[in-house]
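S.K.: Please find the sequence and the predicted model below.
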Amino acid sequence: MFSSYPRYVPLKEDDESTGSDSSIEKSAFRLPQPTICIIASISLLLNLVFAAIVIHLGLTRGRCPATAVSPPQLFSPVQDAISYQLTTFESGFHGSPFMGSPTAEVDRNWKQLYGVGNSRLSRGEARHLPNKTIEAIAGEGDYLVVISVFHDLHCLDRLRQSTWYFYDEQWNETYNPFTISRPETYSRDGLNGIIHLDHCINILRQSLQCSSDVTPYVFQWDEKSQEVRAFANVVHTCRNFDSIHDWASQRTYTDIWGREGQRDEQGHCRSGDSVECLN
């Protein structure tokens, strides 16, 4: 049973007198070839595992730990265009192309952010949406959506323009952001007036809560002012807005679409179906 293992064998007197030291060492204890191979393999495997652990720790140093909870994913036609980048926010205290009174130049800068219009989808893409959407013109195969980020920017722009009414001396009860035609007509009531702004405020509130950016703003000692100040120009992990904007620009639906006319089932919702229908 144990015959395969080496055993101690006493040397003869002749062997003690005639054998060299090297021959004695070789004959004293010798491992079979299969055992040597097994030990070498285990040693190599352990070294590889250790090296992999060291490399992993080096690559992940400084990163956020992975969350154990995976968010539920809803289909978006833009998902293949999404990439991420590190972006340092600008505080705005030193000026920005998007700040200041609503001049033609500032208005144009804002409009370039969201002026991609409605986006068109194929029928196959529209079928994967969690909420149904209509065909722009019956039988033409283009289905309409507006990507949320562009609607949010549109709403924020409306709020930007409206706030100047409260402290800009050139505006008054008869000449203000709700009555002028720059860049679009405002009215005191209806979808282009206060109701529209209330809608925008509520949509932006939900959008901010939905994304819930948890990047910490920091407090630092400012040598110039000789005091501790809060800093908002910190690094965030952001979706690449330019990639999303490029996608939407290539999908812009420029034709006039009709509100009238029967549509196929792709744009119909069942009453009370909160999953597939818009409330």
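M.R.: On my side now, so go ahead.

S.K.: Checking residue 237 next. Helix, strand or coil?
M.R.: strand (DSSP: H, G, I helix; E, B strand; the rest coil).

S.K.: That one touches residue 83, doesn't it?
M.R.: No - in this structure residue 237 lies outside contact range of residue 83 using CB atoms under 8 Å: 11.3 Å. Where you see a C-beta, it was placed from the backbone N, CA and C, and this is true even at glycine.

S.K.: ok, residue 156 - how many residues close by?
M.R.: 19 (other CB atoms under 10 Å).

S.K.: so how far is residue 130 from it?
M.R.: Note on residue 156: its distance to residue 130, by CB to CB, to the nearest Å, is 25 Å.

S.K.: residue ranges with poor pLDDT in this protein?
M.R.: 1-41, 44-69, 167, 173, 175-193, 257-279 (pLDDT under 70).

S.K.: Let me see the ranges of the strands in it.
M.R.: Applying DSSP state E to the chain gives strands spanning 84-88, 119-121, 143-145, 218-222, 227-231, 235-239.

S.K.: Can you lay out those as a markdown table showing distance to residue 253?
M.R.: Listed next are these as a markdown table, based on distance: least, CB to CB, whole Å:
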| stretch | distance to residue 253 |
| --- | --- |
| strand 84-88 | 28 |
| strand 119-121 | 4 |
| strand 143-145 | 6 |
| strand 218-222 | 43 |
| strand 227-231 | 42 |
| strand 235-239 | 23 |
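
S.K.: what's the closest of the ones you listed to residue 248?
M.R.: strand 119-121 (5.4 Å; CB to CB).

S.K.: which residues touch that closest one?
M.R.: Here strand 119-121 makes contact (CB atoms under 8 Å, 6 or more residues apart in numbering) with 77, 129, 133, 136, 142-147, 248, 251-253.

S.K.: Mind picking the two most distant members of these?
M.R.: Maximum pairwise distance among the contacts of strand 119-121 (CB to CB): 18.3 Å, between 129 and 252.

S.K.: Neighbour count for the two, which is higher?
M.R.: For residue 129 versus residue 252, neighbours defined as other CB under 10 Å are more numerous around residue 129 (17 against 12).

S.K.: Pull the contacting residues for the more buried one.
M.R.: Counting by CB under 8 Å, 6+ apart, residue 129 has contacts 75, 77, 121, 145.

S.K.: make it 7 Å
M.R.: residue 75 (CB atoms under 7 Å, 6 or more residues apart in numbering).

S.K.: Ok, residue 204 next?
M.R.: If you count contacts by CB under 7 Å, 6+ apart, then residue 204 has 152, 155-156 around it.

S.K.: can you rerun that using 10 Å?
M.R.: By CB atoms under 10 Å, 6 or more residues apart in numbering, the contact set of residue 204 is 151-153, 155-156, 159.

S.K.: Could you dump those into TSV with distance to residue 212 added?
M.R.: Shown next, in TSV, are those (distance: CB to CB, whole Å):
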residue	distance to residue 212
151	19
152	15
153	19
155	18
156	18
159	21
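
S.K.: Looking at these, which is nearest residue 43?
M.R.: Taking CB to CB as the measure, residue 43 sits nearest to residue 152 out of the contacts of residue 204, at 58.7 Å.

S.K.: quick one: the residue nearest to that closest one when sequence neighbours are not counted and residue 250, what's the gap?
M.R.: Sequence neighbours aside, residue 207 is the residue nearest to residue 152 in space, at 5.2 Å (criterion: CB to CB, 6 or more residues apart in numbering). Separation of residue 207 from residue 250 (CB to CB): 24 Å.
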